[in-house]
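Asks: Let me see the structure of the following:
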Amino acid sequence: MRILLVTPTRIGDAVLSTGLLDHLVRAYPEAQFTIACGPLDPVARDGRAA
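Replies: Numbers count the residues shown, from 1 in each chain. Next up, the predicted model:
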């Protein structure tokens, strides 16, 4: 089985999605996971709003 996880680019949302990833890895240990995300949020990159 192959699972694609598309993560959000905001750091808080990405951190919250790690729980889902942990659950999926435990539920489907034989699966191959691919994680896709967008560009880094400017606030996380530069420390200031764009």
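Asks: show me where this structure has helices.
Replies: 11-27, 42-46 (DSSP state H).
Asks: what's the closest of those to F33?
Replies: Between F33 and the helices of the chain, the shortest separation by Cβ to Cβ is 7.0 Å, and it involves helix 11-27. The way it works is simple: take the backbone N, C-alpha and C, and place the C-beta from them, glycine included.
Asks: Quickly, which of the helices of the chain bottoms out on average pLDDT?
Replies: Confidence, taken as mean pLDDT, is least for helix 42-46 of these (a mean of 62).
Asks: Looking at strand pairing, list the partners for the residue sitting nearest the centre point of the chain.
Replies: What sits nearest the mean C-alpha location of the chain, by Cα atoms, centre = their mean, is T7, with 3.6 Å. Counting by DSSP bridges, T7 is bridged to C37.
Asks: on that earlier part again, got JSON lines for the helices of the chain, with mean neighbour count and distance to R2 too?
Replies: Putting the helices of the chain into JSON lines (neighbours: other Cβ atoms under 10 Å; distance: least, Cβ to Cβ, whole Å) gives the following:
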{"stretch": "helix 11-27", "mean neighbour count": "12", "distance to R2": "12"}
{"stretch": "helix 42-46", "mean neighbour count": "11", "distance to R2": "29"}
